[in-house]
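Asks: The sequence isn't on hand, but the structure is:
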């Protein structure tokens, strides 16, 4: 006599397979500090995340996949290489305007070279800078000049 129980066959009941839903890319992931430097959405498919450093696309992007990629050796190597690489845009940027101290130094050099070229005594530089301050009261460059001999 066998005791098979109520089921009769002795096999375990079948488990239902979990339904897998596709995870759409969430824009708030790009605001998180661990993802903001390398994660961006795919412009053509809302279910794909693009890793800008690795040039890799992840289909069905969920947060656990992002964290797994973040901790991967490949991403770590690529990310450290990117930090060392100089961005080409830096070579094509227009020079920024010099700060006030550079402008004052340039004005002093121009005044000194003018006076030397024309044989003007340097003792007049004291008076000339004071006159320039009165002539150009709104100029910060004139205010900063102190050509004292």
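Replies: Now that the structure is in, tell me what you want to look at. These figures come from a predicted structure and were not determined experimentally.
Asks: any chance you could map the helices in the chain?
Replies: 63-70, 73-84, 89-92, 100-117, 124-135, 140-144 (DSSP state H).
Asks: okay, the angle between the fifth one and helix 100-117?
Replies: This points to helix 124-135. Counting by axes from the mean of the first three to the mean of the last three CA atoms, to 10 degrees, helix 124-135 lies at 130 degrees to helix 100-117.
Asks: Surely residue 143 and residue 135 touch.
Replies: No. Counting by CB atoms under 8 Å, residue 143 stays clear of residue 135, with 11.5 Å between them. The way it works is simple: take the backbone N, C-alpha and C, and place the C-beta from them, glycine included.
Asks: who has more neighbours, those two?
Replies: residue 143 (15 against 10; other CB atoms under 10 Å).
Asks: For the more buried one, give me its contacts.
Replies: Neighbour list for residue 143: residue 133 [criterion: CB atoms under 8 Å, 6 or more residues apart in numbering].
Asks: again, but for residue 58
Replies: 48, 49, 50, 51, 65, 66, 69.
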